[in-house]
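Student: no sequence on this one, just coordinates:
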């Protein structure tokens, strides 16, 4: 009789939620505190594995898209401290800056929820994690960007609020009727 083998998923030593322009990414570290083993997964996909390491502490570098990630393993008394750095910043500071530069909408079209992200710094637009190649049209009121999600037309309008502290206003309209989609706060 054939014996079935099962894959045992190891409990992560640390887990982070990393908001990037293309999507939210889940980074997990399995750290063997006796063997030094390191397994790093991003969104459930293993990207790094070292089963036996003499050094129990240190740094591990990898990338998510164009972002340089450094995972630090440091001793902390009888335990270990795990820290994630993104583009040289500790994760909490990086997330704060991303929340300031990203605007996210989640329109639902035909019972399918989509994610539209505008990076205010680079002016890049992502739909469901895919970077779009779009052109902006400039008018007296601001800018308009046209693209589509599937067969549905989408309009992204940017214009001045008229108040210097408030800055620009970003609105997303979906469909022929131009249904306004509220901003999603992540």
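Tutor: Sure thing, it's come through. Remember, predicted model here, so these are calculated numbers, not experimental data. Numbering: from 1, shown residues only.
Student: Pairing partners for the worst-scoring helix or strand of the chain on mean pLDDT, with directions?
Tutor: The least trusted helix or strand in the chain, going by mean pLDDT, DSSP states H and E, turns out to be strand 183-184, with a mean of 80. Using DSSP bridges, the strands paired with strand 183-184 are strand 102-105 (antiparallel).
Student: mind giving me the domain ranges of this protein?
Tutor: Annotated domains of the chain cover 14-97, 106-181 [automatic domain parsing].
Student: end-to-end on the first one?
Tutor: It stands for domain 14-97. Length of domain 14-97, first residue to last, C-alpha to C-alpha, to the nearest Å: 22 Å.
Student: quick check, distance from it to the centre of its chain.
Tutor: 15 Å (C-alpha atoms, centre = their mean, to the nearest Å).
Student: can you tell me the average pLDDT over stretch 150-163?
Tutor: Averaging pLDDT along stretch 150-163 yields 90.
Student: An error on my part: the question was meant for stretch 118-132.
Tutor: Rounded mean pLDDT across stretch 118-132 is 90.
Student: in it, what counts as buried?
Tutor: Within stretch 118-132, the residues that qualify as buried are 118-119, 125-127, counting by 16 or more other C-beta atoms under 10 Å. To be clear about C-beta, it is placed using only N, CA and C from the backbone, and glycine gets the same treatment.
Student: Could you do stretch 94-111 as well?
Tutor: Within stretch 94-111, the residues scored as buried using 16+ other C-beta under 10 Å are 94-95, 98, 102-105, 107.
Student: Let me know the closest of these to residue 140.
Tutor: residue 103 (22.6 Å; C-beta to C-beta).
Student: how near is that closest one to residue 126?
Tutor: Distance, residue 103 to residue 126, using C-beta to C-beta, to the nearest Å: 11 Å.
Student: Now list whatever residues contact both of those two.
Tutor: residue 117 (C-beta atoms under 8 Å, 6 or more residues apart in numbering).
Student: Could you identify the most distant pair in the buried residues of stretch 118-132?
Tutor: Counting by C-beta to C-beta, the most remote pair of the buried residues of stretch 118-132 is 119 and 127, 12.8 Å apart.
Student: any low-confidence regions in this structure?
Tutor: 1-9, 186 (pLDDT under 70).
Student: can you pull out the helices in it?
Tutor: Using DSSP state H, the helices found in the chain span residues 91-101.
Student: Can you give me the distance of the most centrally placed residue in it to residue 144?
Tutor: Taking C-alpha atoms, centre = their mean, the centroid of the chain lies closest to residue 20, which sits 2.7 Å from it. According to C-beta to C-beta, residue 20 stands 26 Å off from residue 144.
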